[in-house]
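*Asks:* Could you work out the structure for the sequence below:
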Amino acid sequence: MKQTISHPTQTDHSALAVQLLEQNPVLTDKIVKAVPLAAEEAPAMLTEVLRFLHLIAWSDQKLTPPLTLDNAWHEFILFTRAYAAYCQEQFGRFIHHQPGGTEDENGRQLRAALKLYQLCFGTPDTRYWGDHGYWSRAADCGSCEG
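*Replies:* Alright, predicted model coming up:
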């Protein structure tokens, strides 16, 4: 039986990001190098990754992140135990990351992610999601789904 996923606004993604970084201190360094950004921004960057994952699980759609989120997500995935436990606890299933998809598919899935983000959280922070011109440049992962 599929787990019912809470609405994304009902989760404190910031607190979860801080907790994950405290439990996995090397993750901060990995995110900072991958994105790149200042160390003090790592919790906010991971918060955006967690919001994106929640949107995938909640909407049950294939979504594509912007490249900055994708790079940070890659680093989180490498902490396999923490990532798998997080997905299981929050969504009752693993959120897969499948590289591929055409540029058009990835662009559509990025726009769908942005639309859902705006509906749930308001205007995305351009430091992590890029600006409107950037939104046409999706990460190269067309089948990010739960």
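*Asks:* Not counting stretch 36-49 itself, show me its contacts.
*Replies:* 13-14, 16-18, 20-21, 27-29, 31-32, 35, 65, 68-69, 72-73, 76, 124-125, 127-129 (C-beta atoms under 8 Å, 6 or more residues apart in numbering). No exception for glycine: its C-beta is placed from N, CA and C like everyone else's.
*Asks:* From those, list the buried ones, please.
*Replies:* Neighbour-count burial (16 or more other C-beta atoms under 10 Å) is assigned, among the contacts of stretch 36-49, to 13, 16-17, 20-21, 27-28, 31-32, 35, 65, 68-69, 72-73, 76, 124, 128-129.
*Asks:* Among these, which are located in helices?
*Replies:* 13, 16-17, 20-21, 27-28, 31-32, 68-69, 72-73, 76, 128-129 (DSSP state H).
*Asks:* closest to Leu119 among the residues you listed?
*Replies:* Leu119 has its nearest neighbour among those in Trp129, at 14.3 Å by C-beta to C-beta.
*Asks:* do you know how far that closest one is from Asp29?
*Replies:* Counting by C-beta to C-beta, to the nearest Å, the gap from Trp129 to Asp29 is 22 Å.
*Asks:* One more: Trp73?
*Replies:* 16 Å.
*Asks:* Likewise for Pro99?
*Replies:* From Pro99 across to Asp29, the span is 24 Å (C-beta to C-beta).
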